[in-house]
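[1] sequence unknown, structure follows:
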């Protein structure tokens, strides 16, 4: 596998300034990522005290639908970060402002579209999940209320991407913490206090999303007042800049759908092997998710630092940004490998009390131990290419990796069963790193030619 220039990693290790930069970005992002599952935990705990068990399933299914829906629109954060970071690196404050305005306009339009298409989206989601009648009815009640949060949730994505581009990662943590607090208080009031059930959980989520948006807008207003530059309608609506934003976001959207496709394929194949295998795989994916929260922090840091390097058209800065991002990502990957090796069995016991599932999960533990050092390359290179807005390469690499993983799975699963499935999944992670590493020299050469 192609890796960054070793001298750039060595120089990054010896540079307090670059280490400070990456931690100012990655630290708050990691903490913010850790708080994300707390909303689901709180929602589940609250409905878990209602008398009928189907309430838990209804909230779980409804939340799953929104996770996939909003994750699909994650390009609003990733695309905004890359474009705004490049504008900031170039010192073009008018474009920094215009990038935010365009992203908010797109978020509003997509949020409105989600509301208008709520019934087809709901019908398709419930058909795909195939839950019981009681669970589906409750999930529908949840969905039809929470869908009204779509404009706020998507606008918040754009704001968070913009804050990250300006290296204001602490703001994103404050927004997430405030949302969690509002959601917790309203969950307790609406569900346990007023007895609103599943509808109360959904209403709390809607209000929390709009509270997060308001807080984000207040921070943005304060930052805009201090940064200089001005909004220009002609620039905001400039056809060439709008086209570039749409192309970048389109490519990221396709990339995200491919990523979702891999996880969907993995889940579906695991489900076909029986409930025990499905449960054991789900537990192992929790290991992957916990590790991803940390590695995503360094991927986001890479996205911002690389975006600014591209805006400055400085290959030396690009090398330093890539080096320090890989350095800390690799360190944390090694930490997680050791943690899963030493503490994996304990975590499995904490996650399930079913002995058959535990035994199946123990057998899969070597995959979890190997996963951080296998996955770290793809995560970090992903951040690098998104920061450089080289989204065509990121999109094409993900399409190829999806096709390769599914083809490999179709060959190996009939032979090795779940071992074949995990082999295909890990092969996908390896392919992500290799494919983007092969594209990386092209990115560096483009920067030398003055291309962004």
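    Great, that's in hand. Note that the structure is predicted; figures quoted are calculated from it, not measured.
[2] rest of the way, CA atoms for contacts and neighbours
    Fine.
[3] Just give the number of residues close to residue 81.
    Residues lying near residue 81 (other CA atoms under 10 Å) number 33.
[4] Also the one 5 residues further on?
    Burial of residue 86 is recorded as 30 neighbouring residues (other CA under 10 Å).
[5] In this structure it contacts residue 305, no?
    No - in this structure, residue 86 is not within contact of residue 305 by CA atoms under 8 Å, at 9.2 Å.
[6] okay, and the common contacts of these two?
    Shared contacts of residue 86 and residue 305 (CA atoms under 8 Å, 6 or more residues apart in numbering): residue 387.
[7] what separates stretch 366-374 from the chain centre, distance-wise?
    20 Å (CA atoms, centre = their mean, to the nearest Å).
[8] Looking at it now, give me its mean pLDDT.
    The average pLDDT within stretch 366-374 is 95.
[9] Could you pull out the buried residues of it?
    By 16 or more other CA atoms under 10 Å, the buried positions in stretch 366-374 come out as 367, 368, 369, 370, 371, 372, 373, 374.
[10] Same check on stretch 345-354?
    Buried residues in stretch 345-354 (16+ other CA under 10 Å): 345, 348, 349.
[11] again, but for stretch 205-223
    By neighbour count on 16+ other CA under 10 Å, the buried set for stretch 205-223 is 205-213, 215-216, 219-220.
[12] need those residues in TSV with pLDDT, can you?
    TSV is the format used below for those (pLDDT from 0 to 100):
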residue	pLDDT
205	90
206	93
207	96
208	94
209	93
210	96
211	96
212	94
213	96
215	96
216	96
219	96
220	96
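[13] Now do the contacts for residue 28.
    So residue 28 contacts 169, 170, 172, 173 (CA under 8 Å, 6+ apart).
[14] Tell me which of those fall in strands.
    Among these, DSSP state E puts none in strands.
[15] Please indicate which of the residues you listed are buried?
    By neighbour count, with 16+ other CA under 10 Å, those hold 169, 170, 172, 173 as buried.
[16] Now the third one. Nearest residue, chain neighbours left out?
    Nearest-residue entry for residue 172: residue 160, 5.9 Å, with adjacent residues in sequence omitted and distances by CA to CA, 6 or more residues apart in numbering.
[17] Figure out the helix or strand that the one you found lives in.
    helix 150-165 (DSSP states H and E).
[18] For that helix, the averaged confidence score.
    Averaged across helix 150-165, pLDDT comes to 94.
[19] Next: stretch 121-141.
    With pLDDT averaged residue by residue, stretch 121-141 scores 80.
[20] how long is that stretch end to end?
    Start-to-end span of stretch 121-141 (CA to CA, to the nearest Å) is 14 Å.
[21] got the buried residues for that stretch?
    So stretch 121-141, judged by 16+ other CA under 10 Å, has buried residues 122, 125, 126, 135, 136, 137, 138, 139, 140, 141.
[22] now, which of the residues you listed sits nearest residue 400?
    Comparing the buried residues of stretch 121-141 against residue 400 with CA to CA places residue 125 closest, at 26.6 Å.
[23] buried ones in the helix or strand where residue 262 lies?
    Using DSSP H and E, residue 262 maps to helix 239-271. By 16+ other CA under 10 Å, the buried positions in helix 239-271 come out as 241-242, 245-262, 265-267, 269-271.
[24] Dump the buried residues of stretch 121-141 to JSON lines, plus distance to residue 224 and secondary structure.
    As requested, those are exported to JSON lines (distance: CA to CA, whole Å; DSSP: H, G, I helix; E, B strand; the rest coil):
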{"residue": "122", "distance to residue 224": "38", "secondary structure": "helix"}
{"residue": "125", "distance to residue 224": "40", "secondary structure": "helix"}
{"residue": "126", "distance to residue 224": "43", "secondary structure": "helix"}
{"residue": "135", "distance to residue 224": "46", "secondary structure": "helix"}
{"residue": "136", "distance to residue 224": "45", "secondary structure": "helix"}
{"residue": "137", "distance to residue 224": "45", "secondary structure": "helix"}
{"residue": "138", "distance to residue 224": "43", "secondary structure": "helix"}
{"residue": "139", "distance to residue 224": "40", "secondary structure": "helix"}
{"residue": "140", "distance to residue 224": "40", "secondary structure": "helix"}
{"residue": "141", "distance to residue 224": "39", "secondary structure": "helix"}
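[25] In TSV: these, plus distance to residue 109.
    Below are the buried residues of stretch 121-141 laid out as TSV (distance: CA to CA, whole Å):
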residue	distance to residue 109
122	19
125	22
126	25
135	31
136	28
137	28
138	28
139	25
140	23
141	24
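[26] Just name the closest of these to residue 321, please.
    residue 125 (40.7 Å).
[27] show me what contacts that closest one?
    Residue 125 makes contact with residue 65, according to CA under 8 Å, 6+ apart.
[28] at 10 Å what do you get?
    Residue 125 makes contacts with 61, 62, 64, 65, 66, 68, 69, 119, 136, 140, as judged by CA atoms under 10 Å, 6 or more residues apart in numbering.
[29] same question, residue 167
    By CA under 10 Å, 6+ apart, the residues touching residue 167 are 21, 22, 24, 25, 81, 85, 161, 301, 304, 305.
[30] can I assume the fourth one is in contact with residue 296?
    No - under the criterion of CA atoms under 10 Å, residue 25 is not in contact with residue 296, lying 11.0 Å apart.
[31] which residues do those two both contact?
    Common neighbours of residue 25 and residue 296 (CA under 10 Å, 6+ apart) are residue 302.
[32] Who has more neighbours out of those two?
    Ranked by neighbour count (other CA under 10 Å), residue 25 and residue 296 place residue 25 first, with 25 against 21.
[33] tell me the helices in the stretch 51-200 of the chain, going along the chain?
    54-72, 75-89, 93-116, 118-129, 133-146, 150-165, 169-187, 197-227 (DSSP state H, counting those that start in this stretch).
[34] Could you measure from residue 71 over to residue 301?
    19 Å.
[35] who has more neighbours, these two?
    residue 301 (32 against 16).
[36] Now that one: which helix or strand?
    helix 275-312.
[37] what helices or strands is that helix leaning on?
    On a contact count with 3 or more CA pairs under 10 Å, 6 or more residues apart in numbering; DSSP states H and E, helix 275-312 meets helix 16-47, helix 75-89, helix 150-165, helix 239-271, helix 315-351, helix 355-387, helix 418-448.
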